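Asker: with the sequence up front, the predicted model follows.
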Amino acid sequence: MSITLNGNGTITGYTPTAISGTLTTANMPAGSILQVVNTNKTDLWAVDVNANQTPVGVSALDTTITTLSANSKILVSASIFGEGNHDDHDYGLCWSRGISGSFTNIGLGDSSSNRTSVSSIVSVGYHSGDNDSTPSSTALPPLLDTPNQAAGTAITYRINYIITGGATKYIRGNRSFGDSDSTGYERGASWVTVMEVKA
């Protein structure tokens, strides 16, 4: 039977399907987004990164999600705004996952030999040797994590900076490294988004 939209706003030839019961986490199909948690930070933050290839976390952007279903996958993404006191390409970024206060790095490249293992490198905003008023915004595209945890597990996702060598380097978040009160010293925002995906 064909479906007809009538001039009076009614529909002929269509009978809506009745749905009974309540839509719950248990009866949602695999791949469903069960929940979304977001940390959006506009105030300033700072990180000092030692030159020993050890990731240093930006705890100000920590985002915690408590799973609703067992063995869910977690989709994480972020945008980080700021500037360091050295060239942007000196700074790497990596994710870590925290459960019960213990953090594990995730989404890293190969760590063989002496190479630095990162998830991303800071987007280049470097301009004519200016490490004072040229911040950049680095997007970390979605990463699908598989923590394999029971329902009700609190999982914290953290962004970390890592540098390859030399002296300690400094990051100033949501601002340029210099902070003069003028138009050439931009302010920005950083955020982390965490989504639970049903297994």
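Answerer: Ah, there it is.
Asker: C-alpha only now, for contacts and for neighbours.
Answerer: Noted.
Asker: which stretches in this protein count as strands?
Answerer: Under the criterion DSSP state E, strands of the chain are mapped to 4-5, 11-12, 33-41, 45-49, 56-57, 63-66, 73-84, 91-99, 102-106, 120-121, 136-145, 154-163, 169-173, 190-197.
Asker: for the fifth one, give the mean pLDDT please.
Answerer: Looking at strand 56-57 alone, the average pLDDT works out to 94.
Asker: for residue 129, give its distance to residue 185.
Answerer: According to CA to CA, to the nearest Å, residue 129 and residue 185 sit 15 Å apart.
Asker: quick one, which of these two is more surrounded?
Answerer: Between residue 129 and residue 185, residue 185 has the larger neighbour count (other CA atoms under 10 Å), namely 16 against 9.
Asker: tell me who's in contact with that one.
Answerer: Residue 185 makes contact with 133, 134, 175, 176, 178, 179, according to CA atoms under 8 Å, 6 or more residues apart in numbering.
Asker: cool, residue 171 as well?
Answerer: Contacts here follow CA under 8 Å, 6+ apart; on that basis residue 171 touches 46, 47, 48, 49, 82, 83, 84, 85, 177.
Asker: any idea of the pLDDT on it?
Answerer: We have a pLDDT of 95 for residue 171.
Asker: circling back to that earlier point, a markdown table for the strands of the chain, including distance to residue 21?
Answerer: Below are those laid out as a markdown table (distance: least, CA to CA, whole Å):
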| stretch | distance to residue 21 |
| --- | --- |
| strand 4-5 | 30 |
| strand 11-12 | 26 |
| strand 33-41 | 18 |
| strand 45-49 | 47 |
| strand 56-57 | 44 |
| strand 63-66 | 25 |
| strand 73-84 | 26 |
| strand 91-99 | 34 |
| strand 102-106 | 39 |
| strand 120-121 | 45 |
| strand 136-145 | 31 |
| strand 154-163 | 29 |
| strand 169-173 | 48 |
| strand 190-197 | 22 |
